[in-house]
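In: Show me the folded form of this:
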Amino acid sequence: MEQKKFPELIGAPRLELRKHVLDLAETMYRYVDQDRQRLRVFLPWVDTTRSVDDEAAYIRMTHASWEKGTLFDYGLFERETGTYMGNIGVHNIAWAHDRCEFGYWILSSFEGKGFISEAVGALEKVCFGLGFHRLEIRCSSRNPRSAAVPRRLGYSLDGTLKEDAIEQGSYRNTLVFAKLNPGHTAAIQ
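Out: Numbering: from 1, shown residues only. Sure thing, here's the model as predicted:
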């Protein structure tokens, strides 16, 4: 698959997915810091995000990765209020194989309201529209809320990677969910 660019803004009924801007670094840091104990259980980067400068460095890294076509990361914003709620991104892109992975997190005050499912659905449409064949969501087997998202959206559980990562000092299993583009076929040689 030829590398294509993602839109900087993706709309959904209740959300906007916006490419990160440096002006958001302070808000992102404040939100991560206020929800640090909950987020750090499943997200290893939380412990290394210790300042607004760390968030700004992250945003600059996402901009460089965006230009290289290796990562497309968005802030989640409530459409009605413009409130920042978390992040969603396209990671581990294999352009030659028409495959990518989604990662996401949301602040606890917005959890359980369907925002992540809506964001994944919007990003899924963009990815399939760009010609991706396979979308993946990987999450800790200890995180049933995260695993509920792909299940709700019709992803299949392709398998479990046994003790493939260390989480909070012990090995954990990773669930691998996938959805195939129903209208996409590739010429396999």
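
In: Neighbours of Gly114, how many?
Out: Neighbour count for Gly114, taken as other Cβ atoms under 10 Å: 14. Where C-beta positions appear, they are placed from N, C-alpha and C, glycine not excepted.

In: no, scratch that, I was asking about Gly129
Out: By other Cβ under 10 Å, 11 other residues sit near Gly129.

In: Also Pro44?
Out: Residue neighbour count, defined by other Cβ under 10 Å, stands at 11 for Pro44.

In: and if you look at the one 3 residues further on?
Out: Burial of Asp47, expressed as a neighbour count using other Cβ under 10 Å, amounts to 10.

In: which SS class is it?
Out: Using DSSP: H, G, I helix; E, B strand; the rest coil as the criterion, the local structure at Asp47 reads helix.

In: Could I get the buried residue list for the lowest-mean-pLDDT helix or strand in the chain?
Out: Of the helices and strands making up the chain, the lowest-confidence element is helix 36-39, at a mean of 76, by mean pLDDT, DSSP states H and E. Applying a neighbour-count criterion of 16 or more other Cβ atoms under 10 Å, the buried positions in helix 36-39 are Leu39.

In: Name the next helix or strand following it along the chain.
Out: The C-terminal neighbour of helix 36-39 among helices and strands, as given by DSSP states H and E, is helix 52-68.

In: next SSE after that next one?
Out: In the C-terminal direction, the helix or strand that comes right after helix 52-68 (DSSP H and E) is strand 72-78.

In: Can you name the element that comes right after that next one?
Out: The helix or strand immediately downstream of strand 72-78 is strand 84-94, counting by DSSP H and E.

In: what pairs with that next one, and is each one parallel or antiparallel?
Out: Using DSSP bridges, the strands paired with strand 84-94 are strand 72-78 (antiparallel), strand 99-106 (antiparallel).

In: can you list these in a markdown table and add mean pLDDT and distance to Glu167?
Out: Supplementary listing: these in a markdown table, determined by pLDDT from 0 to 100; distance: least, Cβ to Cβ, whole Å:
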| stretch | mean pLDDT | distance to Glu167 |
| --- | --- | --- |
| strand 72-78 | 96 | 22 |
| strand 99-106 | 93 | 14 |
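
In: Name the stretch from the ones you listed that approaches Lys125 most closely.
Out: Across the strands paired with strand 84-94, the minimum distance to Lys125, taken as Cβ to Cβ, is reached by strand 99-106, at 12.4 Å.

In: contact partners of the following helix or strand past the closest one?
Out: Read in the C-terminal direction, the helix or strand following strand 99-106 is helix 115-129, with elements assigned using DSSP H and E. Residues outside helix 115-129 that contact it (Cβ atoms under 8 Å, 6 or more residues apart in numbering): 6-7, 10-15, 17, 74, 76, 78, 85-86, 88, 90, 100, 102, 104, 106, 135, 137, 149-150, 152-153, 179, 181, 183-184.
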